[in-house]
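Peer 1: pasting a predicted model and its sequence here:
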Amino acid sequence: MKRKLLAIVGALLIACSSPLSSMAASKQPFPDVPATKHFAKAVNELAERNIIGGYPDGTFKPGNNITRGQAAAIIAKMIKLDMNNVKNPGFKDVTKANGYYNAIAALAEAGIIGGYEDGRYGPNDPVKRGQFASILVKAFDLPRYSPYEIRHPFKDVSFLQSHDRNILILYKLGITTGTSPDKFSVNEPVTRGQAAKLMKTTEEVKPPMTTITAADVGVDRLYNVIWKTDTDLYESIEVYGKPGYTETKIQLLPLKEGKGTLNISGAMLQNDSSASNEKRVDKKFYVHNKLVNGKLQLTLEETEDYLPTEAELEVDTGEKVKSVRLSTVSGKLIATDVTFNKCSSGDNTCIKIDQPGEYIATVRFAGGNEVRYAIEAKLPKYDYFHYDIKTLRERVSYTFDAEKIFEHDYSYDHEAAKNIGKHTILTKNAESIATVTRTPGTNVFHVTAKSVGTVEIKFENIVSGILEQLGDGMSGYTEGMYIHVQEMYGIVNVSAEKVFVYYSYQ
């Protein structure tokens, strides 16, 4: 077992370097920012930290529109960007002589700001409210919540437009409530007083969060693939990067104390930077959430562990499991009374397998009969926590009503399922695979296995239905069924499956 603790705790506790004293809080550095103004506290605190300043005449001019250059200078200081070693961002209206050059260059390099399509930055242009929302989300690395999950009152905001998704994020976090109960005013300029209040509020309300980059987990590039099982322990959000501009990263928001798991997929470059020379790398981590100074802190611990994995034992309606005995295929007894439970998904019974291998589970039902199951547990293709599990119930003969093949559909035409009409066996060598008969006047089929293979049967009448669930389901019709005969470790199984045809829309 190998574990490596990753110190990815930064950005969890964003706070002032030190709290203001009551004297400093009451101090009014600008005569035009009275304490009664809603933005006064934010202006005073940011001035105390030397993040914002006023004009040569000693005023702050809170009602003036904040410019794109001023906003860059303030935010670069707030998030402590390196403004000494910067690359030229290439904006044709921002030379090195510009007082805001270093801040603009630092923010551009960090992927927080961009220019106009004509190559300008517009340092003296006023910042619009929509633009400022995007700057705040990127600068403070706020959680990129899905807009589909955010209910908001703004009639002038739709997440399909520029900046609007970031506006919704600010609303969800309580950073802004708009200019009126149902309006955000996306294109209105932001005043200096409003900007101070928005920036300080953003700094204060950002939830505890860990942001993971490719370098943090030792890969060259993150795939857009993460797997987790502990949905109530933490929230994971993938932030897709723009090639050549920003990189893909993962945001993890702790929800409560505890320990969970996380899989992250990435890539290592082999010879050059092209995708064809990438090698996939999958990594496993334990997630630890702990309260530190009253705030949740999330850390990752890399591991090579595998966790006990559910093996699903198919149980027919009315069967009640009394006990489960587990042995290896070679006959070595593992346990005479294995713990069993309802599967985490579905209504079948599951047992846990904690080692890869080939097993035989013998299930005794309440009625006294015993049924064997073949179980195969293999290391997963990718480095996930759980084994790849395959199970097969022993069933050499199978009698069933054809309606059984529809039992997991979201919906189907019940009357049509009772009236499938005559059946035709399409498979030429069907008799060598299984004997298939039907009770006259019913939809009850009797199948006895002979050899491994599949028999295809066509119904005289089709049965319309929807697979899965409404919204995500697929509409179509069942025109017949497959009879499968499988074998695993000497255990033979007969099963039936629908032949489903999806509706095609042109």
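Peer 2: Noted; the coordinates are in hand.
Peer 1: output the below-cut-off pLDDT ranges for the protein.
Peer 2: For the chain, residues meeting the criterion pLDDT under 70 lie at 1-27, 224-225, 229, 243-245, 271-276, 468-473, 504-506.
Peer 1: now Gly115: how far from Glu370?
Peer 2: With distances taken as CB to CB, to the nearest Å, Gly115 is found 74 Å from Glu370. Quick note: C-beta positions are derived from backbone N, CA and C, even for glycine.
Peer 1: comparing the two, which shows the higher neighbour count?
Peer 2: Gly115 (18 against 12; other CB atoms under 10 Å).
Peer 1: count of neighbours near the closest residue in space to the more buried one that isn't next to it in sequence?
Peer 2: Spatial nearest neighbour of Gly115, excluding adjacent residues (CB to CB, 6 or more residues apart in numbering): Tyr121 at 4.5 Å. Using other CB under 10 Å, Tyr121 has 26 neighbouring residues.
Peer 1: Tyr121 reaches Gly90, doesn't it?
Peer 2: No - using CB atoms under 8 Å, Tyr121 is not in contact with Gly90, being 9.4 Å away.
Peer 1: and stretch 307-324, how far out from the chain middle?
Peer 2: Mean C-alpha position of stretch 307-324 versus that of the full chain (CA atoms, centre = their mean, to the nearest Å) differs by 30 Å.
Peer 1: what's the helix of greatest length in the chain packed up against?
Peer 2: As assigned by DSSP state H, the longest helix anywhere in the chain is helix 192-205. The contact analysis (3 or more CB pairs under 8 Å, 6 or more residues apart in numbering; DSSP states H and E) places helix 192-205 against helix 40-48, helix 68-78, helix 129-139.
Peer 1: what angle separates it from helix 40-48?
Peer 2: Between helix 192-205 and helix 40-48, the angle comes out at 80 degrees (axes from the mean of the first three to the mean of the last three CA atoms, to 10 degrees).
Peer 1: chain center to the following helix or strand past helix 192-205: distance?
Peer 2: Counting by DSSP states H and E, the next helix or strand C-terminal to helix 192-205 is strand 210-212. Relative to its parent chain, strand 210-212 has a centroid offset of 14 Å by CA atoms, centre = their mean.
Peer 1: residues in contact with the following helix or strand past strand 210-212?
Peer 2: Downstream of strand 210-212, the first helix or strand assigned by DSSP H and E is strand 221-228. Residues outside strand 221-228 that contact it (CB atoms under 8 Å, 6 or more residues apart in numbering): 212-214, 234, 236, 238, 240, 247-250, 260-267, 269, 278, 280, 287, 384.
Peer 1: out of the residues you listed, which sit inside strands?
Peer 2: Using DSSP state E, the subset of the contacts of strand 221-228 located in strands is 212, 234, 236, 238, 249-250, 260-267, 269, 278, 280, 287.
Peer 1: need the buried ones from the residues you listed selected in ChimeraX.
Peer 2: Burial among these is assessed by 16 or more other CB atoms under 10 Å; the matching ChimeraX selection reads:
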select :212,234,236,249,250,260,261,262,263,264,265,266,267,278,287
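Peer 1: need phi/psi at the closest residue to Ala416 other than its chain neighbours.
Peer 2: The shortest distance from Ala416 to any non-neighbouring residue, by CB to CB, 6+ apart, is to Val463 (4.4 Å). Per-residue torsions, Val463: phi -130, psi 110 (degrees, to the nearest 10).
Peer 1: so what's Val463 up against?
Peer 2: Counting by CB under 8 Å, 6+ apart, Val463 makes contact with Phe406, Tyr412, Asp413, Ala416, Ala417, Ile420, Tyr477, Thr478.
Peer 1: repeat for Lys92
Peer 2: Per CB under 8 Å, 6+ apart, neighbours of Lys92: Gly119, Arg120.
Peer 1: what helix or strand is it located in?
Peer 2: With DSSP H and E as criterion, Lys92 is part of no helix or strand.
Peer 1: kindly report the same for Phe400.
Peer 2: Assigned by DSSP H and E, Phe400 falls in strand 397-401.
Peer 1: and that strand, which residues are buried?
Peer 2: Those would be Tyr398, Phe400, for strand 397-401 by 16+ other CB under 10 Å.
Peer 1: partner strands of that strand, with direction?
Peer 2: Its sheet considered, strand 397-401 pairs with strand 444-449 (antiparallel) by DSSP bridges.
Peer 1: what are the buried residues along the partner strand?
Peer 2: Quick answer for strand 444-449 (16+ other CB under 10 Å): Phe445, Val447, Ala449.
Peer 1: gap between the closest residue in space to Asp220 that isn't next to it in sequence and Thr246?
Peer 2: Nearest non-adjacent residue to Asp220, counting by CB to CB, 6+ apart: Leu269, 4.7 Å away. From Leu269 over to Thr246 the distance is 18 Å, taken as CB to CB.
Peer 1: ditto for Asp316
Peer 2: For Asp316, the distance to Thr246 - CB to CB - is 54 Å.
Peer 1: please apply the same query to Pro56.
Peer 2: For Pro56 relative to Thr246 (CB to CB), the value is 38 Å.
Peer 1: those two: which has the busier surroundings?
Peer 2: Thr246 (14 against 6).
Peer 1: surely that one meets Glu109?
Peer 2: No - here Thr246 does not reach Glu109: they are 10.4 Å apart, not a contact under CB under 8 Å.
Peer 1: what is the neighbour count of Lys197?
Peer 2: 23.
Peer 1: show me what contacts the closest residue to it other than its chain neighbours?
Peer 2: If the residues on either side of it in the chain are set aside, Lys197 comes closest to Phe39, at 4.0 Å by CB to CB, 6+ apart. By CB under 8 Å, 6+ apart, the contact list for Phe39 reads Val33, Pro62, Gly193, Gln194, Ala196, Lys197.
Peer 1: contacts for the strand holding Phe400, please.
Peer 2: By CB under 8 Å, 6+ apart, strand 397-401 touches Thr442, Asn443, Val444, Phe445, His446, Val447, Thr448, Ala449, Val494, Ser495, Ala496.
Peer 1: export only the CA atoms of that strand, formatted as CSV.
Peer 2: Extracted in CSV, the C-alpha atoms of strand 397-401 (Å, rounded to 0.1, in the frame of the first residue of the first chain):
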residue,chain,number,x,y,z
SER,A,397,-33.2,-24.3,-17.7
TYR,A,398,-35.3,-21.1,-17.8
THR,A,399,-39.1,-20.7,-17.9
PHE,A,400,-40.4,-17.2,-18.1
ASP,A,401,-43.2,-15.0,-19.4
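Peer 1: identify all contacting residues around the helix or strand following it.
Peer 2: Per DSSP H and E, the first helix or strand lying C-terminal to strand 397-401 is strand 411-412. Residues from elsewhere that reach strand 411-412 (CB under 8 Å, 6+ apart): Phe406, Val463, Ser464, Gly465, Ile466, Leu470, Thr478.
Peer 1: please state the offset of strand 411-412 from the chain centre?
Peer 2: On CA atoms, centre = their mean, the centre of strand 411-412 falls 30 Å from the chain's centre.
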